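Participant: Pasting a predicted model and its sequence here:
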Amino acid sequence: MKGLPRSLSRQNKSVAAVVKDTIDLTGRTVTVTATGAAIGFGSTQIHDFPEGNILLLGLAGTIGFAGSGADANLTDTWSGDYGIGTTPAADATITAADVDMIASTAIGAAVAEVIAPARVASALVASLMLDNTDGSLEVNLNVLIDAANIVDSQSVILTLSGSIQIAYVVLGDD
């Protein structure tokens with residue numbers, strides 16, 4: 001790709017008509033911790049937005065999860081939920097801004113601690129306007145693992161796979 005198409009693909013995102021970013025999840029990790037015998041929860045930041053008012057148009061791609069394959073603290077057939085939002089999970093529920101981009105979605109049961117990449121898509125019915133005029137807004141992948149699937153008060157590390165495309169418009173800044 002040369003000339004104008006190349007220049008347009010490299011332009012400043014704050015002036016692009018529609019921005020489409022690809023978020024590669026391959027090899028990223030999320031630590032999921034269970035407090036006592038409760039549901040385990042964890043988050044990892046997967047993307048940042050440019051500064052400004054962000055009109056989110058949609059997300060699509062695939063997401064997979066894998067334990068180490070030999071983690072004594074994680075059952076081989078674990079299951080749970082995930083969502084994508086502007087806030088990290090702070091407790092054993094993922095609601096509100098924890099899932100304002102991709103709603104809470106059930107995952108599992110794993111086979112040998114692995115859940116193969118599965119399709120995820122969200123075309124927002126009502127476009128989501130996000131205030132990132134201070135530049136601090138982030139995209140978080142939030143994960144819950146069912147209570148009986150993690151040894152009480154332990155943590156497990158999940159390795160992600162897949163990729164997500166996210167489309168948005170930057171509508172000015174303060």
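Facilitator: On my side now, so go ahead.
Participant: CA atoms for contacts and neighbours, from now on please.
Facilitator: Fine.
Participant: Return the residues in contact with the spatially most central residue of the chain.
Facilitator: Nearest to the geometric centre of the chain sits Leu141, at 2.6 Å (C-alpha atoms, centre = their mean). Contact analysis of Leu141 by C-alpha atoms under 8 Å, 6 or more residues apart in numbering lists Ser43, Thr44, Gln45, Ile46, Tyr82, Gly83, Ile84, Gly85, Pro88.
Participant: Longest strand in the protein, please.
Facilitator: Ranked by number of residues, the top strand in the chain under DSSP state E is strand 114-132.
Participant: Between strand 114-132 and the very next helix or strand once past that one, find me the angle.
Facilitator: Using DSSP states H and E, the helix or strand that follows strand 114-132 towards the C-terminus is strand 138-145. In terms of direction (axes from the mean of the first three to the mean of the last three C-alpha atoms, to 10 degrees), strand 138-145 departs from strand 114-132 by 140 degrees.
Participant: mind saving the C-alpha coords of strand 138-145 as CSV?
Facilitator: C-alpha atoms of strand 138-145 as CSV (Å, rounded to 0.1, in the frame of the first residue of the first chain):
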residue,chain,number,x,y,z
GLU,A,138,-8.9,2.3,29.2
VAL,A,139,-10.4,-0.9,27.8
ASN,A,140,-10.4,-3.8,30.3
LEU,A,141,-11.0,-7.5,29.8
ASN,A,142,-12.7,-8.7,33.0
VAL,A,143,-12.8,-12.4,33.9
LEU,A,144,-14.7,-14.4,36.5
ILE,A,145,-14.0,-18.0,37.3
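Participant: Which helix or strand lies directly C-terminal to it?
Facilitator: As assigned by DSSP H and E, the chain's next helix or strand after strand 138-145 is strand 155-170.
Participant: Now find how far off-centre that next one is within its chain.
Facilitator: Relative to the centre of its chain, strand 155-170 is centred 4 Å away, using C-alpha atoms, centre = their mean, to the nearest Å.
Participant: Among the contacts of Leu141, which one has the most neighbours?
Facilitator: Neighbour counts for those, by other C-alpha atoms under 10 Å, peak at Ile84, which reaches 27 neighbours.
Participant: ok, back up a step: and the contacts of Leu141 as a markdown table, adding pLDDT, distance to Ala72 and secondary structure?
Facilitator: Below are the contacts of Leu141 laid out as a markdown table (pLDDT from 0 to 100; distance: C-alpha to C-alpha, whole Å; DSSP: H, G, I helix; E, B strand; the rest coil):
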| residue | pLDDT | distance to Ala72 | secondary structure |
| --- | --- | --- | --- |
| Ser43 | 98 | 21 | strand |
| Thr44 | 98 | 22 | strand |
| Gln45 | 98 | 26 | strand |
| Ile46 | 98 | 27 | strand |
| Tyr82 | 97 | 22 | strand |
| Gly83 | 96 | 25 | strand |
| Ile84 | 96 | 28 | strand |
| Gly85 | 95 | 30 | strand |
| Pro88 | 97 | 26 | coil |
